[in-house]
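*Asks:* Sharing a model that was predicted from the sequence below.
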Amino acid sequence: MNENLAIDRLIRELKPVFGGFPDMRTGRNIQYEIADAGMGAFSVFFTQCASFLEYQGEMKRLKGRSNAENLFGMSEIPSDSHIRSLLDPVAPMYLHPIYRLVLERLEAGGILETFRSHAHSLLVALDGTEYFSSQKIHCEQCSHRQLANGKTDYYHSVITPVIVQAGNEHVLSLEPEFIVPQDGQEKQDCEIEASKRWLRTHGAYYAQQNVTLLGDDLYSRQPFCQAVKDAKMHFILVCKEDSHAQLYQSVAFLDAQGVLGRYQKRHWNGIHGEIHTYRYANCLPLRGDQDAMQVNWVELTIAHEETGELLYQNAWITDFEVSETTLEAIVRDGRARWKVENENNNILKTKGYHLEHNFGHGSQFLASLLLSLNLLAFLFHTVMGLVDEKYQLLRKELRKRRKFFQHVETLLEYLLFDSWDSLFSFMCRGLNLDTS
Ligand SMILES: [Zn+2]
């Protein structure tokens, strides 16, 4: 067990970060109050229990002490309305140091190394996801769109960058970038603009880690590719024919000349044979004008060996040289992009992270700050999945994520624990799991 990544320690280290949130009021003891407000919101997401604070208030009345104090270091248990009013003015960027702290600990513990992919690179998948929409409630940070019935729909969306790796069930959340209306811009903010902003804010830091960005077809345009190169990162981006006419004309031309790269390999998928056909070329113009940048292109087609049925087809552009020795690794990495949708955004939406929890929407930053706290809770769960042996044993034994958190919820309602480690030890003992 890596002590620097122990969950009790990580949670303790949140407190000074929350304590450093700006407070718009004046008076005494404000630092404690705002740290409690941050921890209160985080605790609901971390325990996956919407009523956690209410239960702990009750425990405090009955026993004189609560798990909110013991496990989250809260001084006082804040009410939902207190959390709402204290956190609304806090911009989510105040949480950025925690993402980096976790990443640096994972690096120091040798765990980040195990996430490396082609060319020893870390794959960072970018994807936009909508996490709020309403025709009634809105705030300064809402985007909006006109509906067919003439009404206005207000919504929030966010870019959630995650480190992914083919064949790795874990994904590591990095600082999100919120898609919000920008000052002085007529056009509403969009996913690509927000992703470029993420690169400007965080690019220099992550470039030191040797990063390859993954994105869908929306990203494989020259301005974004140029921004990636300017940030000294690599890219593997989905590149569809209907949105890249010029590039595919070059592919067709090379194919007609008989000089398009081609490589074939048979795979056994456990049931039947598959024929994997790669087509590739280097140094193709990304678009039709004089200033087009040169990119490398690779396509994978998978067909059923006996029936010839088309099972899969996709293509990517990249700045890595594509050759017979690199193409399988590049395609494998490009295909890992779906994990940002399946293993990050869908978990956040469907697996009890209370993305639309009833702390309310706020009028300034509340909605986006809560989203970022939620991502941190998810990241902390991932860290436990990577380093905490008791948590690993329990999750394996209880199988379903939901079941694990239901047990935690009930235990924390009835019993007082002095640390997360003692809670997990108690659960392991109860289930006869060997933790020696
Ligand atoms: Zn809003």
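*Replies:* Looks like it came in fine. Residues are numbered from 1 along each chain as shown.

*Asks:* remind me which residues of the chain are low pLDDT?
*Replies:* 1, 25-29, 183-188, 347, 350-358 (pLDDT under 70).

*Asks:* in this protein, which helix has the most residues?
*Replies:* helix 366-387 (DSSP state H).

*Asks:* Export the helix or strand following that helix to CSV, keeping only CA atoms.
*Replies:* For helix 366-387, the succeeding helix or strand toward the C-terminus, using DSSP states H and E, is helix 389-398. The C-alpha coordinates for helix 389-398 follow below in CSV (Å, rounded to 0.1, in the frame of the first residue of the first chain):
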residue,chain,number,x,y,z
GLU,A,389,-5.9,-3.8,-1.4
LYS,A,390,-8.9,-3.9,1.0
TYR,A,391,-11.0,-1.8,-1.4
GLN,A,392,-10.0,-4.0,-4.3
LEU,A,393,-11.0,-7.1,-2.3
LEU,A,394,-14.3,-5.6,-1.3
ARG,A,395,-15.2,-4.5,-4.8
LYS,A,396,-14.3,-7.9,-6.2
GLU,A,397,-16.4,-9.7,-3.5
LEU,A,398,-19.4,-7.3,-3.8
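
*Asks:* Check which helices and strands helix 389-398 sits against.
*Replies:* helix 366-387, helix 401-414, helix 420-430 (3 or more Cβ pairs under 8 Å, 6 or more residues apart in numbering; DSSP states H and E). Heads up, the C-betas are built off the backbone N, CA and C, glycines and all.

*Asks:* which of those sits most buried?
*Replies:* For the helices and strands packed on helix 389-398, the largest average neighbour count (mean count of other Cβ atoms under 10 Å) is found in helix 366-387, namely a mean of 23.

*Asks:* got the contact list for residue 424?
*Replies:* Neighbouring residues of residue 424 by Cβ atoms under 8 Å, 6 or more residues apart in numbering: 388, 390, 391, 394.

*Asks:* Could you dump those into a markdown table with neighbour count and distance to the ion added?
*Replies:* As requested, those are exported to a markdown table (neighbours: other Cβ atoms under 10 Å; distance: Cβ to the ion, whole Å):
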| residue | neighbour count | distance to the ion |
| --- | --- | --- |
| 388 | 21 | 36 |
| 390 | 19 | 39 |
| 391 | 21 | 35 |
| 394 | 23 | 37 |
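
*Asks:* SS state for whatever residue of the stretch 151-300 of the chain ends up closest to the ion?
*Replies:* Distance from the ion to each residue of the stretch 151-300 of the chain (Cβ to the ion) is smallest for residue 156, at 5.4 Å. Of the three states, residue 156 takes strand according to DSSP: H, G, I helix; E, B strand; the rest coil.

*Asks:* That one is in contact with residue 140, isn't it?
*Replies:* No. Using Cβ atoms under 8 Å, residue 156 is not in contact with residue 140, being 11.3 Å away.

*Asks:* what about those two, which has more around it?
*Replies:* residue 156 (22 against 10; other Cβ atoms under 10 Å).

*Asks:* Residues of the protein that sit close to the ion?
*Replies:* Residues of the chain lying close to the ion by Cβ under 5 Å from the ion are 139, 141, 142.

*Asks:* Pull the number of nearby residues for the residue nearest to the last one when sequence neighbours are not counted.
*Replies:* Once its chain neighbours are removed from consideration, residue 142 has its nearest residue in residue 154; the separation is 4.2 Å (Cβ to Cβ, 6 or more residues apart in numbering). With neighbours defined by other Cβ under 10 Å, the count for residue 154 comes to 18.
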